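Student: Provide a 3D model corresponding to the input given below.
(one chain, ligands or ions: 1)
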Amino acid sequence: MQGPEDDAGLAGKVALISGGGAAGDGIGNGRAAAILLARASAKVLVADRDLKLAERTVEMIMAEGGTAAAHGGDVTSETDCKILVEAALDRWGRLDFLDNNVGIGSRGSVVDETPEQYRRVMQVNVETMFLLSKHAIPAMIKTAKGGAIVNISSISALRPRGLTTYTTSKAPSSVSRAPWRLITVATTSASTASAPDRCTRPWSMPAA
Ligand SMILES: NC(=O)c1ccc[n+]([C@@H]2O[C@H](COP(=O)([O-])OP(=O)(O)OC[C@H]3O[C@@H](n4cnc5c(N)ncnc54)[C@H](O)[C@@H]3O)[C@@H](O)[C@H]2O)c1
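Tutor: Purely as a prediction, here's the structure:
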């Protein structure tokens, strides 16, 4: 039986998840967030550079009776970020929530790291948050009078363990302070592995 405490206040709200796919039927952080938001009655635009993986997430959501749509796009491209925000607005007329989930790993010390890989990790893990937020924030203000952004960090930002570039890339989202409602989620491999368990209850999103 559902009580008032089960209402996350997300019914009718619209979420955009970057990297909302996952290999096969696996559960990554983005897919888990998409499923949880849909269970909380949000409408979810699942974005992934591999459209098939986003479509699989949407199938999983629709099998549970949720509302979602898949969209291809590489969030290292500003054009694609703009298109993703527009796609959410075109389909549902508003945007309330952005999950900046995309991120890639990197191993080794400063001495081991190549400049090319360092730049790539910073581009994918940090710049994509800027690019998507840059286009999502005006859309949120215009269509929903505000919203929420979650930047996915990592426990590696707090406890460095030899993944120097990755740790560096995850620190900004751990310390971000902005005149914007911004939530940082630090996840671990263990919590990702147990993501299906986390799908059993939605997190609540602060009211705009
Ligand atoms: N997996 C872990 O153990 C772990 C631990 C802590 C934090 N995290 C963080 O969680 C987030 C998600 O990691 P994950 O392991 O669940 O996901 P993942 O590596 O399985 O990737 C999820 C999806 O992102 C997509 N993607 C990758 N680059 C993209 C791009 N440029 N544009 C659009 N889509 C793109 C992939 O196609 C994939 O479907 C990352 O920010 C990661 O740093 C993961």
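Student: please name every helix or strand in contact with the helix or strand hosting residue 36.
Tutor: Per DSSP states H and E: residue 36 is located in helix 29-39. Here helix 29-39 touches strand 14-18, strand 43-48, helix 51-63, strand 67-72, strand 97-100, helix 195-198, going by 3 or more Cβ pairs under 8 Å, 6 or more residues apart in numbering; DSSP states H and E. Where you see a C-beta, it was placed from the backbone N, CA and C, and this is true even at glycine.
Student: just the angle between that helix and strand 43-48, please?
Tutor: Angle of helix 29-39 versus strand 43-48, following axes from the mean of the first three to the mean of the last three Cα atoms, to 10 degrees, is 170 degrees.
Student: please spell out which residues along helix 29-39 are buried.
Tutor: Neighbour-count burial for helix 29-39, counted by 16 or more other Cβ atoms under 10 Å, picks out 29, 30, 31, 32, 33, 34, 35, 36, 37, 38, 39.
Student: picking up where we left off before, mean pLDDT lowest for which of the helices and strands packed on helix 29-39?
Tutor: When the helices and strands packed on helix 29-39 are compared on mean pLDDT, helix 195-198 scores lowest, with a mean of 35.
Student: and what about the closest residue to the ligand within the chain, helix, strand or coil?
Tutor: Across the chain, no residue is closer to the ligand than residue 103, which sits at 2.2 Å (Cβ to the nearest ligand atom). Counting by DSSP: H, G, I helix; E, B strand; the rest coil, the backbone at residue 103 sits in coil.
Student: does it touch residue 125 like I think?
Tutor: Yes: taking Cβ atoms under 8 Å as the definition, residue 103 is a contact partner of residue 125 at 4.7 Å.
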